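In: structure for this input, please:
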Amino acid sequence: MNERDIALIRAARSGSTEAFTVIVKNYKNFVYRIILTTLQSRQDAEDVSQEVFIKAYRSLPKLRDEQTFPSWLAQIATRTALDWVQSKHKNQTVELDSERFVTQDVQSGMNARLDLEQALRQLSVEHRLVTVLRAVHGFDYEEIARILDIPIGTVRSRLHNARMHLRQLLQDERGDKS
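Out: Predicted coordinates:
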């Protein structure tokens, strides 16, 4: 976070709707990608994103440290998206910009990206969410644990299991069955 973001957050906490509007503009894609990972529907992700920013605005006075704003906002986004899934029971398909997730198991090129997206669709919501929070958004294990309100050991376990499952799915997709 830079000083400008911190100043915007402080101004928004003091009641500046203009500052909060700038925050929304700066973080809307971040929130949208987190929600899309869970909901896998662009329309639902747009609706839930609006709900997230309403909740964030109302909860802003409770934010203890401006430096933690991104993980705090991610936590609101994740919980709101999971609540939406529980209440709506939507069918799931994933559309991720997964280029940053490309691992040593995946060769470069469009086919590899499509294979990765298809493999991510096959993960459970819990495994997909920790994978994307870590690989795409760059949160560390402690931040992911805080965002999802789960023990750090559970984060490690889910990430390990997700990676193993992805590796197997990607090998199967390429015909590298061992």
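
In: need phi/psi at the closest residue to Leu60 other than its chain neighbours.
Out: Nearest-residue entry for Leu60: Arg13, 5.2 Å, with adjacent residues in sequence omitted and distances by CB to CB, 6 or more residues apart in numbering. No exception for glycine: its C-beta is placed from N, CA and C like everyone else's. When read as degrees, to the nearest 10, the backbone of Arg13 gives phi -60, psi -30.

In: again, but for Val22
Out: The phi/psi pair for Val22 (degrees, to the nearest 10) is phi -70, psi -40.

In: and the residue nearest to Leu60, what is it in contact with?
Out: With contact taken as CB atoms under 8 Å, 6 or more residues apart in numbering, Arg13 is in contact with 60-61, 63.

In: where in this protein is pLDDT low?
Out: Residue ranges of the chain with pLDDT under 70: 88-116, 173-178.

In: in this protein, which residue is closest to the centre?
Out: Closest residue to the average C-alpha location of the chain: Ile34 at 2.8 Å, with CA atoms, centre = their mean.

In: that one and His127, how far apart?
Out: Taking CB to CB, to the nearest Å as the measure, Ile34 and His127 are separated by 15 Å.

In: try Thr154
Out: For Thr154, the distance to His127 - CB to CB - is 11 Å.

In: same question, Gln67
Out: When Gln67 is compared with His127 (using CB to CB), they lie 29 Å apart.

In: between the two, tell me which one has more neighbours.
Out: His127 (21 against 13; other CB atoms under 10 Å).

In: and that one, what helix or strand is that in?
Out: Here His127, judged by DSSP states H and E, is contained in helix 125-135.

In: can you tell me the closest non-neighbouring residue to Ile147?
Out: Per CB to CB, 6+ apart, closest to Ile147 is Gln75, 4.3 Å.

In: next one: Thr78
Out: That would be Ile147: by CB to CB, 6+ apart, it lies 5.3 Å from Thr78.

In: of the contacts of Arg13, which is the most crowded?
Out: When neighbours are counted by other CB under 10 Å, Leu60 leads the contacts of Arg13 with 18 neighbours.

In: need the contact list for that one.
Out: Per CB under 8 Å, 6+ apart, neighbours of Leu60: 9, 12-13, 20.

In: what are the structural domain limits within the protein?
Out: 3-88, 99-174 (automatic domain parsing).

In: secondary structure element for Ala81, which one?
Out: helix 69-88.

In: what segments of the protein are helices?
Out: 3-13, 17-39, 42-59, 69-88, 110-121, 125-135, 141-148, 152-174 (DSSP state H).

In: give me the number of residues near Met164?
Out: 11.
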